[in-house]
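>>> Model the structure of this input:
(2 chains)
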Amino acid sequence: MTRIMHGSIRLLVGLAVLLSLFPFYWMLVMASKKNSEIYRTPPSLWVGDQLWHNIQAVIAQTSFFHALFNTLFIAVTSTLLVLFFDSLAGFAFAKLHFRGQAFLFAFLLGTMMIPGQLNIIPSFYLMDKLGWVGSYKALIIPGMANAFGIFWIKQYCTDSIPDSLLEAAKLDGCSTFRIYWSVALPIMRPALAFLALFSFMGSWNDYMWPLIILNDEAKYTLMLALTQLKGIYSVNYPLVITGTLLATLPLLVLFIFFSKQLISGITDGAVKE
Amino acid sequence: MEVSDHGTGLQTAPKHQRHRFRFDLEKVTPYLAIAPFYLLFLVFGLFPILFSGYLALSKWDGIGQIQFTGWTNLQRLAQDTDFWLSLKNTVLIWALGTFPMLFLALVLAFMLSLKMFKHKETLKALLFLPNITSVVAITILFGLIFSNLDGLANGVLHLFGLRSINWLTSPNWVRVVIASVNVWQYTGYNMIIYLTGIARISKDYSEAAQMDGANNRQIFWKITVPQLKPIILFTVMMSTIGGLQVFSEAQVLVPSGATPQGGAMTIVYYLYNTAFTNHQFGYGSTIAWGLVALIVLFSAVNWYVTTKRIQGVN
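Numbers count the residues shown, from 1 in each chain, chains lettered A, B, ... in the order given. The predicted model follows:
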């Protein structure tokens, strides 16, 4: 390969990395300026000194922490429920055998093909009838066992849990649930890590369904609070962007620690299907 | 020692005497384990789908009685210029974003798969990073970058002595802005999927080609792309399904006063407005079914075209 070729490939990849990071940097730049500094032409590309001031303003003038707490509550609760129900069902499909198993699993895979948009209006009707409009139940319960996660755990169990280990536990007199809980679950940890990340992020970033369901500002999630912030302070860019930055930060931290699991999980999920 | 087999237990467990009292419980254990999914699906999946079929042929304001009106809604859909304009917006946004994005992802994956890069994992992570951010957060940011008056984009245009562009109010440009949000968020994601595919292509092909004096461009077009055909098809399908359902980007960027003529009104946004702003839940469901029909149609066409085109290259 020629040197010019090498150089231009490096340049292109470098440019792509730059483009993928720039919006994060720009968030920081805008979040660290005074409102009056934003409207300058040409725009200044450097980080300012108002970040802390803006963070305090967001906390004082908006219910940021409240929304953060709401979001954390919803995301953590749904993630824990998803982990439990999906791992239990995935384990059953991989390691137990029962009548109708093949059909039930094919059915489960088939449900993944159904486009979600069909559900929005009738689900809203259902939530209305159940009295769950405005309640977190509508955000947590319908998704607490999902086909993707069960499929994912099943694949992992089939590949990684030796039958001999389960038989040994059985000979020791463990019940099936006990075998799942004490033997299989610890082995599933890497698969659970990905599933946890995936559903936590999904829950954290969800927008349309909470927008439809939540009508009380006190119950707003971060994403709803952000768009509300954008509506109210449409001329105060630094404040809006500081809120956006704060809402993005937890996911960035999560990504720093778990990027490997997330990336390998996504590729496995995509390529296996 | 008493060894009990519970009938339904583990796949390879030998059959021994059955213990009378625990037998039943253990036999239903697998069904109990998978029951939550099926119950939830029945209530929150199957019922809504069937019900939306009924709603699509009815009139309902969200509070009063549901009136069955038959084919009226379908006739309205066929003649509804707003629906067709929203469809046009959606397809344009999808096309503006998807093709450059997948091509870029493919090229980047190919480049990263070359031996020249040392910190490949770090580069992968950095390029994937945009995918973890929320659509809402990133759309707010892009909205400010592409602000009509004093955003960064217009600032850069001024720097080069160009006139500013009304990014968010011109129908064509607002579609570009929405598409660029998608490109930014999903290029790295698709690149990572392609990288896995490339890792599976036997090294023999490219090594043999190199021996024959093929350059990178030839290897890319003659080996990588044809070999990745199934994965490219998968990503095109996924992007189509996702692209036809674009909502948050459009709604956050143009939260009020969006019109089908304005460029940012996508089908799902139109569905949302029809049902939750104008309280026409019946007709909203008709739109939803129209959307699903389009997704099926698009996937079929995509499948056909993608298969043909990549075969043509080969």
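
>>> Next up, identify which helix or strand A:Leu72 is on.
helix A:64-95 (DSSP states H and E).

>>> any idea of the mean pLDDT for that helix?
Mean pLDDT, computed over helix A:64-95, is 95.

>>> what angle do the helix or strand that it is followed by and helix A:64-95 make?
Counting by DSSP H and E, the next helix or strand C-terminal to helix A:64-95 is helix A:101-111. Interaxial angle of helix A:101-111 relative to helix A:64-95 (axes from the mean of the first three to the mean of the last three C-alpha atoms, to 10 degrees): 150 degrees.

>>> For helix A:101-111, which outside residues touch it?
When contacts are defined by C-beta atoms under 8 Å, 6 or more residues apart in numbering or on different chains, helix A:101-111 is touched by residues A:Phe93, A:Ala147, A:Ile150, A:Phe151, A:Lys154, B:Pro30, B:Ile34, B:Phe37, B:Tyr38, B:Phe41, B:Gly45. Yep, even glycine has a C-beta here, placed from its N, CA and C like the rest.

>>> In the chain, where is pLDDT below threshold?
All of this refers to chain A. Along chain A, the parts satisfying pLDDT under 70 run over A:1, A:39-43, A:269-273.

>>> wrong one, chain B
The model of chain B has pLDDT under 70 over residues B:1-25, B:306, B:309-314.

>>> which residue ranges form the strands in it?
Using DSSP state E, the strands of chain B run over residues B:58-59, B:67-68.

>>> Nearest to chain A among these would be which one?
strand B:58-59 (11.1 Å; C-beta to the nearest C-beta).

>>> So what are the sheet partners of the closest one and their directions?
Paired with strand B:58-59 in the same sheet, following DSSP bridges, are strand B:67-68 (antiparallel).

>>> centre of the chain versus the partner strand, how much separation?
Distance, stretch centre to chain centre, for strand B:67-68: 34 Å (C-alpha atoms, centre = their mean, to the nearest Å).

>>> Give me the residue at the spatial middle of the chain.
Since no chain was named, I'll use chain A. Nearest residue to the geometric centre of chain A (C-alpha atoms, centre = their mean): A:Met201, 1.2 Å.

>>> was after chain B, sorry
Geometric centre of chain B, nearest residue: B:Gly242, 2.0 Å, by C-alpha atoms, centre = their mean.

>>> next one: stretch A:225-241 to chain centre, how far?
Centre to centre, stretch against its chain (C-alpha atoms, centre = their mean), the figure for stretch A:225-241 is 23 Å.

>>> What of stretch B:163-176?
With C-alpha atoms, centre = their mean, you get 24 Å for stretch B:163-176.

>>> re earlier: can you tell me how far the residue nearest to the centre of chain B sits from chain A?
Counting by C-beta to the nearest C-beta, to the nearest Å, the separation of B:Gly242 from chain A is 11 Å.

>>> Which helix runs longest in chain A?
Ranked by residue count and defined by DSSP state H, the top helix of chain A is helix A:237-272.

>>> list the buried ones in that one?
A:237-248, A:250-251, A:254-255, A:258-259, A:261-263, A:265-270 (16 or more other C-beta atoms under 10 Å in any protein chain shown).

>>> which of those come close to chain B?
A:237, A:240-241, A:244, A:247-248, A:251, A:254-255, A:259, A:262-263, A:266-267, A:270 (C-beta under 8 Å from any C-beta of the partner chain).

>>> Grab the nearest non-local neighbour of B:Thr98.
In space, and not counting its chain neighbours, B:Thr98 is closest to B:Ser239: 4.6 Å by C-beta to C-beta, 6 or more residues apart in numbering or on different chains.

>>> oh sorry, the question was meant for B:Ala105
B:Asn190 (3.7 Å).

>>> That neighbour contacts B:Phe99, doesn't it?
No: with contact defined as C-beta atoms under 8 Å, B:Asn190 and B:Phe99 do not form a contacting pair (11.7 Å).

>>> Nearest to chain B: which residue in the stretch 151-273 of chain A?
Of all residues in the stretch 151-273 of chain A, the one sitting closest to chain B is A:Asn205 (3.7 Å; C-beta to the nearest C-beta).

>>> Run a quick neighbour tally on residue 73.
I'll assume chain A. 13 (other C-beta atoms under 10 Å in any protein chain shown).

>>> that's the wrong chain, I meant chain B
Quick note: B:Asn73 (other C-beta under 10 Å) scores 24 neighbours.

>>> got the contact list for it?
B:Ala56, B:Leu57, B:Ser58, B:Lys59, B:Gly282, B:Tyr283, B:Thr286.

>>> Also B:Ala109?
The contact partners of B:Ala109, taken as C-beta under 8 Å, 6+ apart, are B:Met191, B:Ile192, B:Tyr194, B:Leu195, B:Gly197, B:Ile198.

>>> Now with 7 Å, please.
Counting by C-beta atoms under 7 Å, 6 or more residues apart in numbering or on different chains, B:Ala109 makes contact with B:Met191, B:Tyr194, B:Leu195, B:Ile198.

>>> Pop the domain breakdown of chain B in here.
Listed by automatic domain parsing, the domain ranges of chain B are B:1-55, B:74-313.

>>> tell me the most buried of the ones you listed?
Most buried of those, by mean neighbour count (mean count of other C-beta atoms under 10 Å in any protein chain shown): domain B:74-313, with a mean of 19.

>>> chain center to that domain, what's the gap?
Between the centre of domain B:74-313 and the centre of its chain there are 8 Å (C-alpha atoms, centre = their mean).

>>> cool, stretch A:69-79 as well?
11 Å.

>>> what does it contact?
Against stretch A:69-79 from outside (C-beta under 7 Å, 6+ apart): A:136, A:139-140, A:143-144, A:196, A:199-200, A:203-204, A:219-222.

>>> mind redoing it with 10 Å?
A:63, A:136, A:139-144, A:146, A:195-206, A:210, A:214, A:218-225, A:247, A:250 (C-beta atoms under 10 Å, 6 or more residues apart in numbering or on different chains).

>>> same thing with stretch A:128-136?
A:70, A:73-74, A:77-78, A:123-127, A:137-142, A:210, A:212-216, A:219, A:221, B:43, B:62-63.

>>> The same query, at a cut-off of 7 Å, please.
A:Ile74, A:Met127, A:Ala138, A:Ile213, A:Leu214, A:Asn215, A:Asp216, A:Lys219.

>>> Kindly report the same for stretch A:224-232.
Contacts of stretch A:224-232 (C-beta under 7 Å, 6+ apart): A:62-64, A:67, A:210-211, A:214, A:220, A:240, A:243-244, A:247, B:136-137, B:140, B:252, B:255.

>>> how far away is A:Phe107 from A:Leu118?
According to C-beta to C-beta, to the nearest Å, A:Phe107 stands 18 Å off from A:Leu118.

>>> Repeat that for A:Arg10.
Counting by C-beta to C-beta - A:Arg10 and A:Leu118 are separated by 47 Å.

>>> Please say which of those two ends up with more neighbours.
With neighbours defined as other C-beta under 10 Å, A:Arg10 and A:Leu118 compare such that A:Leu118 has more, 22 against 13.

>>> before we move on, back to that, would you write a ChimeraX line that selects the buried entries of the contacts of stretch A:69-79?
Listed next is the ChimeraX selection for buried residues among the contacts of stretch A:69-79, using 16+ other C-beta under 10 Å:
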select /A:63,136,139,140,141,142,143,144,146,195,196,197,198,199,200,201,202,203,204,205,206,210,214,219,220,221,222,223,224,225,247,250
